[in-house]
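> just to be clear, the model below is a prediction. Sequence and coordinates:
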Amino acid sequence: MCIAVLHAGFSVCYMLFGVIALLCHGNWRLIQLIAGLSWILFLPSLFFITESPMWLIQKHKYGKAEKVLQTFAKFNKKTLLTGNILEVDKETQNKSPAVESKVKKERQYTLVDIFKTPRLRFRALIMCFNWFACSFVYYGISLNTDQIGNNPYTTFILAGLVEIPGRLLAWGLLKVFGRRWSLCGFAFVGGLALILSVPPEIEEVSVAIAMVAKLCIAATFTIVYLYAAEIYPTVVRNTGMGMSSMSARAGSIISPYVMLLDVIWAPMPFVVMGVTSMISGLLALLMLPETKNKKLPETLREGEFFGTSKAVGLKGESKLKDKITNDAHELKPSKSSEAEETSDKAEKSEELGTVNEAYQ
């Protein structure tokens, strides 16, 4: 829901940008000035947005984490007892050099780790292609609305308006059909509509079909943000999201030039964008696992076996039956460290309970 609302806000500003361009009579210098100065409105948000308490706890900044949790609890009219967090903070500061060295040497996962195992690597590439396709088609339509209809300002504003129901519809269908079918459905229908928007000679029909394509592509963008975050294991989630976003930027870079293909064949730009969208949707349906109501992967091993018969448990994914033997970085703990590991897990469990209490 949060992703859908945030993306709907993006669509509102998209429409507003078209209104500003209309009022400025297409003066690009004035439009650029207004767009640049508008960011000043967001400066006050620096004083209201807090850091993630989970991230602060992972970085052993327990004092700051307590302040954030107290803020959340106060806003939700809850009473939170977090004295234990301060005690842990003091203990952390007084740790022996050996333990401090262990904390500093915590494993830092990188982009390379995503490509070490075959199944996770393949899924990451499919996800990156979906992001590429979404951005390629989305900006291919958005930056070339003057090719659809006679009034570029009206078409641009309308293209932003149809995004809002598309993003909210995506949120609703995600709860019913899951991620794979929703992503495939929107991407396939959007691509097909984009291809069909070319033949009609009646302008109103062509614009209407193109707007259906824009609605579907906006919905796919909302879905891939959620889907990618659920596909990548926790230890490489930020890295995976960054890689996917980079792929989307590649699509947005290419999109302004797609219209140059009309010198070969007039409908070709729309056919290329439509086919790209349809292929990405089919790949997601056939190659990616469903994540709805599943325990999401946390480690690289869980990410590798996620959605397969080798991952079994209470919700079908919570316990691994086999292990990846070629992961040299994930070593089995020795017996001498089991007691310390158990203590660390108990400490983290208590901290997570405090966090959940603040969010309720």
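Here it is on my side, so go on.
> every contact and neighbour count from this point should use C-alpha atoms.
OK.
> center of the chain, which residue is that?
Compute the mean C-alpha point of the chain, and by Cα atoms, centre = their mean the closest residue is residue 225, 2.4 Å away.
> which ones are touching it?
residue 3 (Cα atoms under 8 Å, 6 or more residues apart in numbering).
> give me the contact list for whichever strand or helix holds residue 17.
Assigned by DSSP states H and E, residue 17 belongs to helix 2-23. Residues outside helix 2-23 that contact it (Cα under 8 Å, 6+ apart): 27-28, 31, 153-154, 156-161, 163-164, 167-168, 170-171, 222, 225-226.
> surely the residue nearest to the centre of the chain forms part of a strand?
No: Residue 225 is assigned helix when assessed by DSSP: H, G, I helix; E, B strand; the rest coil, not a strand.
> and the pLDDT at it?
The model reports residue 225 with a pLDDT of 91.
> got it, and residue 99?
50.
> and the longest helix for this structure?
In the chain, with assignment by DSSP state H, the single longest helix is helix 163-196.
> other SSEs contacting it?
The elements that helix 163-196 packs onto, with contact taken as 3 or more Cα pairs under 8 Å, 6 or more residues apart in numbering; DSSP states H and E, are helix 2-23, helix 203-231, helix 268-287.
> tell me which of those helices is the most buried.
Greatest average neighbour count among the helices and strands packed on helix 163-196 goes to helix 203-231 (a mean of 23), per mean count of other Cα atoms under 10 Å.
> and that one with helix 2-23, angle?
With axes from the mean of the first three to the mean of the last three Cα atoms, to 10 degrees defining the directions, helix 203-231 sits at 140 degrees from helix 2-23.
> and helix 203-231, how far out from the chain middle?
Computed by Cα atoms, centre = their mean, to the nearest Å, the chain-centroid distance of helix 203-231 equals 15 Å.
> ok, then the element right after that helix?
Scanning onward from helix 203-231 (DSSP H and E), the first element met is helix 237-254.
> helices or strands up against that following helix?
Using 3+ Cα pairs under 8 Å, 6+ apart: helix 237-254 touches helix 111-114, helix 118-142, helix 203-231.
> in a markdown table, list the ones you listed along with distance to residue 64.
Listed next are these as a markdown table, based on distance: least, Cα to Cα, whole Å:
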| stretch | distance to residue 64 |
| --- | --- |
| helix 111-114 | 29 |
| helix 118-142 | 35 |
| helix 203-231 | 26 |
